[in-house]
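Asker: all I have is the shape, not the residue letters:
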């Protein structure tokens with residue numbers, strides 16, 4: 001179960017085992033400790049549906065971040081992005097047609113065909 005390490009009662013962002021495994025592999029490739037580092041997920045303006053997802057590896061969380069840990073991996077979310085991502089599940093897909101992280105966001109009213117932008 002995903003847990004916000006600062007406030008366990010807050011709605012979480014969940015990681016599937018596949019997503020956590022990929023995050024751990026990426027951190028290892030970059031030489032970042034999984035105990036302090038993680039994947040930053042966020043939302044920014046833009047994309048074909050108005051908002052787009054942003055991701056990057058971080059060596060540590062920032063002061064106001066919400067930190068979620070599940071299956072041995074951590075994700076960091078800034079407070080503004082969390083408003084759009086609360087309740088989201090982050091998965092990792094590997095198929096013949098596609099490879100990458102997939103957001104299953106219950107707050108998205110509409111999303112584009114590529115899955116990287118949405119409307120809330």
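Answerer: Cool, got the structure. On a predicted model such as this, the values are computed, not experimentally measured, just so you know.

Asker: go ahead and flag the most central residue of this structure.
Answerer: With distances taken as C-alpha atoms, centre = their mean, residue 41 lies nearest the centre of the chain, 4.1 Å away.

Asker: isn't that residue right up against residue 82?
Answerer: No - look at residue 41 against residue 82 with C-beta atoms under 8 Å: they stay out of range, at 9.5 Å. Using the backbone N, CA and C atoms, a C-beta is placed for each residue, glycine as well.

Asker: list residues touching both of these two?
Answerer: Common neighbours of residue 41 and residue 82, counting by C-beta atoms under 8 Å, 6 or more residues apart in numbering, are residue 13.

Asker: follow-up on the earlier one: identify the bridge partners of the residue nearest to the centre of the chain.
Answerer: For residue 41, the beta-bridge partners are residue 55 (DSSP bridges).

Asker: residue contacts, it?
Answerer: 13, 53-55, 75-77, 81, 85, 90.

Asker: thanks again, I'm all set now.
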